[in-house]
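> Quick one, fold the following:
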Amino acid sequence: MAVAVAAAYAGYWYFASSRVERLIEHTVAGEYPAIRITHGKVAVTGFPFSIRLRLEAPEIVAEHAQVRWRSDAATIEIQPWNLRRYRLALVSPHIVELGKLQGLHRLDVASEHIVVVAEFDGDGAMAGAMLDLSDLKITNNDGQRASTIAKLKIRFSGVSSMETEPLDSTFEISISADAVDIPALDVQPLGSRIRKVRAGFKLLGEISKYDKVSVDAWRQAGGTVEVQWLQAVWGALDLRAVGTVALDDELRPLAAMTADIRGFAEALQALATAGVISTAVARTGSMALGLIATPSSDGFPPVLTVPLTAQDGGLFLGPVRLARFPTLFR
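Numbering: from 1, shown residues only. Model (predicted):
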């Protein structure tokens with residue numbers, strides 16, 4: 001009996017592994033016409049407790065978005081008893097070519113750990129996904145120092161648009177990032193290092209693909225992003241906010257949010273040091289805001305509740321502009 005069960009399971013394993021391999025090849029062959037996927041040799045291992053496919057020299061090209069990614073190898077792992085859950089481990093280094101996007105032509109990406117887990121429903125639609133990485137280093141060809149992220153986790157869950165009205169069609173994303181250093185932010189008053197980001201978003205309305213026409217159609221149909229919770233510790237500023245984000249007619253962020261802020265006095269001083277406001281305004285503003293801020297009972301600095309808005313290409317904390325936003329598409 002035991003021999004028969006073992007033989008039956010072995011047969012099932014080989015059947016399931018061949019099915020998974022065919023599914024991947026079907027995807028590579030063009031199930032998603034906007035994306036071209038290629039790879040080299042495939043090795044299938046993992047018997048008896050997993051199905052593991054190692055793909056040599058994988059490459060993904062999204063022609064319309066002018067994005068190309070390639071790496072030395074990638075491993076896809078599935079449990080034989082759950083063919084709806086896929087685990088993808090990516091092997092560093094990675095090359096990302098962005099064409100004319102943002103003026104960058106190539107990014108060299110290295111990470112100690114990059115894992116993507118995706119789950120699919122019975123119809124084959126993606127029900128959720130998770131990205132987990134650590135010690136990410138991104139170097140581009142503009143001569144600046146590398147951008148780095150110590151830890152990043154992104155979780156996604158979707159609701160099929162076939163089951164909902166267009167503007168009820170949603171997906172939800174949660175983001176957790178630690179020690180983010182972006183050289184492009186050096187020119188900003190609060191500096192290039194964001195110590196912590198925690199956020200949860202819900203997108204209302206369906207975007208068929210990420211290009212200018214589709215995103216603008218989503219905007220005109222009333223598409224928005226609900227910021228369910230957001231925390232960012234950037235320089236001296238500890239900001240927590242909720243609200244709604246849309247896009248203006250130039251496809252720049254248009255936001256109406258409410259923010260609770262600690263460290264506003266230090267942030268004003270940073271703005272003065274950067275020449276955004278005068279030292280006198282920083283001093284007076286700090287005193288005035290201190291009078292309306294709510295004292296903390298936990299020994300931390302007082303909390304200031306103010307509107308956080310994005311309009312006309314700028315991010316504003318009350319009347320003070322913190323940063324500039326470019327359009328999403330040039």
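> What strands line up against the longest strand anywhere in the chain, and which way round?
For the chain, the strand that runs over the most residues, judged by DSSP state E, is strand 126-140. Counting by DSSP bridges, the strands paired with strand 126-140 are strand 107-110 (antiparallel), strand 113-120 (antiparallel), strand 147-158 (antiparallel).
> Turn these into TSV, columns for distance to Leu55, mean pLDDT and mean neighbour count.
From N, CA and C alone the C-beta is placed, and that goes for glycine too. As requested, the strands paired with strand 126-140 are exported to TSV (distance: least, Cβ to Cβ, whole Å; pLDDT from 0 to 100; neighbours: other Cβ atoms under 10 Å):
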stretch	distance to Leu55	mean pLDDT	mean neighbour count
strand 107-110	18	83	17
strand 113-120	13	88	16
strand 147-158	22	90	17
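> In a markdown table: those, plus distance to Ala293.
Formatted as a markdown table, these follow (distance: least, Cβ to Cβ, whole Å):
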| stretch | distance to Ala293 |
| --- | --- |
| strand 107-110 | 41 |
| strand 113-120 | 41 |
| strand 147-158 | 31 |
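> Tell me which of these lies nearest to Val281.
strand 147-158 (32.2 Å; Cβ to Cβ).
> that older thread, and the longest strand of the chain, how far out from the chain's middle?
For strand 126-140, the gap between its own C-alpha mean and the chain's C-alpha mean amounts to 8 Å (Cα atoms, centre = their mean, to the nearest Å).
> ok, and what's touching that strand?
Contacts with strand 126-140, where a contact means Cβ atoms under 8 Å, 6 or more residues apart in numbering, come from 104, 106-121, 146-158.
> give me that answer again for 6 Å
104, 107-121, 146-149, 151-157 (Cβ atoms under 6 Å, 6 or more residues apart in numbering).
> Mind listing what's buried along that strand?
Buried residues in strand 126-140, counted by 16 or more other Cβ atoms under 10 Å: Ala127, Gly128, Ala129, Met130, Leu131, Leu133, Asp135, Leu136, Lys137, Ile138, Thr139, Asn140.
> Do me a favour and average the pLDDT over that strand.
For strand 126-140, mean pLDDT is 87.
> again with stretch 55-71
pLDDT averaged over stretch 55-71 gives 81.
> what ranges do the strands span in the stretch 151-300 of the chain?
170-181, 193-204, 224-234, 237-247, 253-262 (DSSP state E, counting those that start in this stretch).
> low-scoring pLDDT stretches of the stretch 151-300 of the chain, where are they?
The stretch 151-300 of the chain contains residues with pLDDT under 70 at 159-169.
> Can you get me a residue count around Val187?
Val187 sits with 11 neighbouring residues when counted by other Cβ atoms under 10 Å.
> Out of the strands paired with strand 126-140, flag the one nearest Phe49.
Among the strands paired with strand 126-140, strand 113-120 comes nearest to Phe49, with 17.1 Å by Cβ to Cβ.
> contacting residues around the closest one?
Residues contacting strand 113-120 (Cβ under 6 Å, 6+ apart): 84-90, 126-134.
> Tell me which stretches of the stretch 1-150 of the chain form strands.
In the stretch 1-150 of the chain, the strands defined using DSSP E, counting those that start in this stretch lie at 36-38, 42-45, 51-56, 59-62, 67-71, 73-79, 82-90, 94-97, 107-110, 113-120, 126-140, 147-158.
> ok so, going back, which single one of the buried residues of strand 126-140 is nearest to Pro326?
Closest to Pro326 out of those is Asn140 (16.3 Å), distances taken as Cβ to Cβ.
> nearest residue to the residue nearest in space to the middle of the chain other than its sequence neighbours?
Geometric centre of the chain, nearest residue: Ile154, 6.1 Å, by Cα atoms, centre = their mean. Once flanking residues are discounted, Ile154 sits nearest to Leu131: 4.4 Å by Cβ to Cβ, 6 or more residues apart in numbering.
> quick revisit: do you know which of the strands of the stretch 1-150 of the chain lies nearest Ala259?
strand 147-158 (22.7 Å).
> can you give me how far the closest one is from the chain middle?
In terms of Cα atoms, centre = their mean, the centre of strand 147-158 is found 6 Å from the chain centre.
> Give me the contacts around it.
With Cβ under 6 Å, 6+ apart as the test, strand 147-158 has contacts from 128-134, 136-138, 171-182.
> would you list the strands of the stretch 151-300 of the chain in TSV and tack on distance to Val303 and mean neighbour count?
Below are the strands of the stretch 151-300 of the chain laid out as TSV (distance: least, Cβ to Cβ, whole Å; neighbours: other Cβ atoms under 10 Å):
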stretch	distance to Val303	mean neighbour count
strand 170-181	22	17
strand 193-204	17	17
strand 224-234	13	18
strand 237-247	9	18
strand 253-262	5	18
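> the helices in the stretch 201-330 of the chain, which residues?
212-220, 264-273, 279-292 (DSSP state H, counting those that start in this stretch).
> Could I get the contacting residues of Asp178?
By Cβ under 6 Å, 6+ apart, the contact list for Asp178 reads Ala150, Lys151, Lys196.
> Quick check: bridge partners of the second one?
Spelled out, it's Lys151. Ser134, Asp178.
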